[in-house]
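S.K.: I'd like to go over a predicted model; first the sequence, then the structure.
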Amino acid sequence: MKNRYFILFFLGLVLGLSACSSHSIAENNSLQKQLDQQEVLSGIEKVRSSSSYTLQPGDLVEIQVFKEEDMTRTLRLSGNGNVTFPLVGNVNLAGNTLEEAEAKLAKKLTAYLRNPQVSMLVKEYGNKTVYVLGQVKNPSSIEIPPEKALTVLEAISSVGGFTDIANTSKVRVLRMEDGKQKSMDVDVAQITKQGNKSLDIALMPGDVVFVPQSMF
């Protein structure tokens, strides 16, 4: 009889610990997702504010010329990367950093103004941009090339590849669909080591490729 009670007690203890363990794992997973989300948002903001960000077709920029308030314009880069600005007409800004674009426009304005000082601010980002963040060598935004798909592996390769502590089996693609965020896991290790190219999904404008850190 005592053995029976002991067995029941032991089973109850095991089930209780198992339930606690499952609850703890769920909590840890939820916390990790929150931390990953914070890292993603921080990474996007860092990329956007970086002086190395290059302007892309579709970007909306505000352009101001010091002491020339009537020349202030908010313009969207065309599909060719051009904007039309007063006095100088069409100027191609795509592929230039903000600093380079400011200098380029200022140089053209010198034919009409004395020592023009140009400042630019990106108000909206073009819809061909994807972000590659987390444990990659150069977290940044890249543009999906025209008339060609851009895959997860290609995007990661274009920013220098993984860091030494990247979890290549748990790469995550975050995508907004119908106002809701969708998360897709991509096992890049299987793509590179086993040649399973079917896992290498094509990215869509606005996607975020997030590479988490390996858990040691």
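M.R.: In hand now; what should we look at?
S.K.: the most centrally placed residue in the chain bridge partners, please.
M.R.: With distances taken as Cα atoms, centre = their mean, Y131 lies nearest the centre of the chain, 2.1 Å away. Note on Y131: beta-bridge partners S141, V208, judged by DSSP bridges.
S.K.: what of L75?
M.R.: Note on L75: beta-bridge partners by DSSP bridges are V61.
S.K.: element containing L87, please.
M.R.: Secondary-structure assignment from DSSP states H and E places L87 in no helical or strand segment.
S.K.: so it makes contact with L109?
M.R.: Yes. Under the criterion of Cβ atoms under 8 Å, L87 makes contact with L109 at 6.4 Å. To be clear about C-beta, it is placed using only N, CA and C from the backbone, and glycine gets the same treatment.
S.K.: where do the strands sit along this protein?
M.R.: For the chain, the strands defined by DSSP state E cover 60-65, 73-76, 82-85, 89-92, 118-124, 129-134, 140-143, 171-177, 180-186, 208-211.
S.K.: got the domain ranges for this structure?
M.R.: Domains of the chain are assigned by automatic domain parsing as 39-52+127-216, 60-124.
S.K.: for R172, which non-adjacent residue is spatially closest?
M.R.: Nearest residue to R172, sequence neighbours excluded (Cβ to Cβ, 6 or more residues apart in numbering): F210, at 4.7 Å.
S.K.: ignore the last one, S214
M.R.: With Cβ to Cβ, 6+ apart, the residue lying closest to S214 is N167, at 4.4 Å.
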